[in-house]
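Colleague: sequence first, predicted coordinates after that:
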Amino acid sequence: MALVAEQGIPKEGCIPVAVGFWSPFVEGTFPNYTGPVFELFKVIQQKLGFCYELKMNVYWGIELPNGTWTGMMGMLQRKEAEVAIGPIGVTYDRYNAAEFSSPIFMTDQTILYLRPRLEPDLMGFVKPFTLLVWLGVLASTILVTIMALVVVKTTPDRLSKRFHNTITNFAQPAYEVTTPSPTIHALEDASQESSRTSARVATPPHEKNNSSSLFLWSFMILVGQGLVIKLNRSETLRTIVALWFMTTFILGSVYKGNLKAMLIAPKVKIPFDSLEELVAQHDTKWSFPKNSIIHSFLEASYNEDPTSARGKAWQYKSHIMSHPNELDENLRKGIAGLFARTSSLNYIARTFSMTGSCGYSVARKGFMTVIYSMGFTKGSPLLPKFNRLITSMTELGVMEKILSPMYINVSHCLQPQDTELSMTLRPLAIGDFLGIFSLFGIGAATSVVFFILEIIVNFRFPK
């Protein structure tokens, strides 16, 4: 046992010290603990020259309705321990039950969650344009069809026939097939067949309503299908066709450019980036450590205003972690954790060091900034000595040197996730084409249904 001569340091017996596991500040197993805050305590202990006896407690502590405390705070209140390494977040209620050293560090609370990954997008082929733009394209196609129909209907009959023959025979081959001269008997047979056909046709083709043909013509130009059109002498119709060609060319170029950009630099959807966004969504569950400062804070917020974001964070929590070691299993299950930002960043850094990949992320917007210190019993003679040494080490940069190893390799994983740029190209999966295949399948199924209906109608009502 080390005896010390400085006034205010006990000379007999060892000081009971409460310690709890909190990675990365205090790690290891009882009594062989490590971690930056535990190492800080050992530096001060060696400087002051006193012996200590460790007493384990995994909880920080919350206040019970009768005014007593649980965890390390309860040990300080009952004087079962004179020092609690913690570190313990300082609040008004805790300050009424114990005293605290000079700040070791200050941080806010944040959300630690499984990092979102790029996934095949079923509807990716329609995302280059918004819904309003797609509706505008559809409306433009219908408008062009109506304008062309009006022009055709108001064009002189000679020109109308010519344009009708053009749009209804656009699929005909661009060459002529010559056959030997027919015999007299063949001409007579053809004349008889033509007479029978004319008897079945009620009206000539150019006098029918050709709106469907015009719409098909407009749609083929829109999707860039090969089409040879011999325009008549109507300047209005020529203008409509030219403008529609130019419009569809621009739309097609912009669509292909946006689709290519989305494939090269795809967007990663961030599920939430603040506590308010977390409680507003329903896909990700969350939890937090038992008897932690977040536990006390959210419970108090719920009692004060259940409709607030913090109140909802308490009301709709998945569960409360009984031990910090549950964090690994929860995160693998997709359950987010509410923790101090410092410990969350250390967890991300350690995961990256072990796996070489960023498996987790933190919300950029935090909540509840808290000072963390070591706890002492009320009136402890050790408190002034600890404060003097902690303040000196902070001013000399020793504290920063002790805490800085916690954040090695974390900067790579803190890059914005809005755009996930990979060093290797992501191969397109079947899910990337399911939208197109589904659209084709729906069209094919619809065609089959109409084909069956057509057969049934022709069978029941033969012409």
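Modeller: All right, it came through fine. Keep in mind the model is a prediction, meaning the values are calculated, not measured.
Colleague: from now on I want contacts and neighbour counts done on CA atoms only, so please keep to that.
Modeller: OK.
Colleague: and the next helix or strand past the helix or strand bottoming out on mean pLDDT in the chain?
Modeller: The helix or strand of the chain with the lowest confidence, counting by mean pLDDT, DSSP states H and E, is helix 184-200 at a mean of 44. Per DSSP states H and E, the first helix or strand lying C-terminal to helix 184-200 is helix 211-222.
Colleague: in the following helix or strand past that following helix, which residues are buried?
Modeller: Remark: after helix 211-222, the chain's next helix or strand is helix 235-264, criterion DSSP H and E. Neighbour-count burial for helix 235-264 flags 237, 240-241, 244-245, 248-249, 251, 255, 259, 262 (criterion: 16 or more other Cα atoms under 10 Å).
Colleague: and which of those residues is nearest Gln109?
Modeller: Met262 (33.9 Å; Cα to Cα).
Colleague: any idea how far that closest one is from Ser253?
Modeller: 14 Å (Cα to Cα, to the nearest Å).
Colleague: please apply the same query to Thr236.
Modeller: Counting by Cα to Cα, the gap from Thr236 to Ser253 is 26 Å.
Colleague: where do the strands sit along this structure?
Modeller: 15-19, 27-29, 32-34, 52-56, 83-89, 99-100, 105-114, 286-289, 319-321, 336-340, 360-362, 367-376 (DSSP state E).
Colleague: so can I have a markdown table of the ones you listed showing mean neighbour count and distance to Ile436?
Modeller: Below are the strands of the chain laid out as a markdown table (neighbours: other Cα atoms under 10 Å; distance: least, Cα to Cα, whole Å):
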| stretch | mean neighbour count | distance to Ile436 |
| --- | --- | --- |
| strand 15-19 | 22 | 60 |
| strand 27-29 | 14 | 53 |
| strand 32-34 | 14 | 57 |
| strand 52-56 | 17 | 61 |
| strand 83-89 | 25 | 54 |
| strand 99-100 | 22 | 63 |
| strand 105-114 | 21 | 30 |
| strand 286-289 | 24 | 36 |
| strand 319-321 | 16 | 42 |
| strand 336-340 | 23 | 35 |
| strand 360-362 | 24 | 33 |
| strand 367-376 | 20 | 44 |
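Colleague: and those, which one averages the lowest pLDDT?
Modeller: The weakest mean pLDDT among the strands of the chain belongs to strand 27-29, with a mean of 80.
Colleague: okay, now the sheet partners of that strand, with direction.
Modeller: strand 32-34 (antiparallel) (DSSP bridges).
Colleague: how far off centre is the partner strand?
Modeller: Distance of strand 32-34 from its chain centroid, counting by Cα atoms, centre = their mean, to the nearest Å, is 38 Å.
Colleague: repeat for stretch 312-321
Modeller: With Cα atoms, centre = their mean, you get 21 Å for stretch 312-321.
Colleague: before we move on, what about stretch 362-379?
Modeller: Per Cα atoms, centre = their mean, the centroid offset for stretch 362-379 relative to its chain is 29 Å.
Colleague: nearest to Arg460, out of the strands of the chain?
Modeller: Nearest of those (Cα to Cα): strand 105-114, 61.4 Å.
Colleague: was I right about Thr284 contacting Gly334?
Modeller: Yes - if you go by Cα atoms under 8 Å, Thr284 and Gly334 touch, sitting 6.9 Å apart.
Colleague: contact partners for Ser322?
Modeller: Contacts for Ser322 (Cα atoms under 8 Å, 6 or more residues apart in numbering) come out as 289-290.
Colleague: do the same with the one 5 residues further on
Modeller: For Leu327, the contact set (Cα under 8 Å, 6+ apart) comprises 321, 337.
Colleague: list the buried residues in stretch 64-80.
Modeller: Buried-residue list, stretch 64-80, by 16+ other Cα under 10 Å: 69-77, 79-80.
Colleague: can you list which of those are found in helices?
Modeller: 71-77 (DSSP state H).
Colleague: which stretches of the stretch 251-400 of the chain have low pLDDT?
Modeller: 264-267, 324 (pLDDT under 70).
Colleague: what ranges does it have for its helices?
Modeller: 275-280, 293-304, 309-315, 326-332, 341-355, 382-396, 398-403 (DSSP state H, counting those that start in this stretch).
Colleague: buried set for the first one?
Modeller: To tie it back to what came earlier, the one meant is helix 275-280. Residues of helix 275-280 classed as buried by neighbour count (16+ other Cα under 10 Å): 275-276, 278-279.
Colleague: between those residues, which is nearest Ile293?
Modeller: The nearest member of these to Ile293, counting by Cα to Cα, is Leu275 at 15.8 Å.
Colleague: excluding its backbone neighbours, what's nearest that closest one?
Modeller: Ala309 (6.8 Å; Cα to Cα, 6 or more residues apart in numbering).
Colleague: Phe339 and Thr107 touch, don't they?
Modeller: No - using Cα under 8 Å as the test, Phe339 is too far from Thr107 to be in contact (10.2 Å).
Colleague: burial measure for Pro462, as a count.
Modeller: Look at Pro462: counted by other Cα atoms under 10 Å, it has 8 neighbours.
Colleague: before we move on, what about Leu439?
Modeller: There are 11 residues near Leu439, going by other Cα under 10 Å.
Colleague: name all residues that make contact with the closest residue to Ser361 other than its chain neighbours.
Modeller: Distance criterion Cα to Cα, 6+ apart; nearest residue to Ser361, sequence neighbours excluded, is Arg115 at 5.1 Å. Going by Cα under 8 Å, 6+ apart, Arg115 touches 358-361.
Colleague: related to what we said a few turns ago, a markdown table for the ones in helices among the buried residues of stretch 64-80, including distance to Glu329 and pLDDT?
Modeller: Shown next, in a markdown table, are those (distance: Cα to Cα, whole Å; pLDDT from 0 to 100):
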| residue | distance to Glu329 | pLDDT |
| --- | --- | --- |
| Gly71 | 24 | 88 |
| Met72 | 25 | 90 |
| Met73 | 28 | 91 |
| Gly74 | 29 | 91 |
| Met75 | 30 | 92 |
| Leu76 | 32 | 92 |
| Gln77 | 33 | 91 |
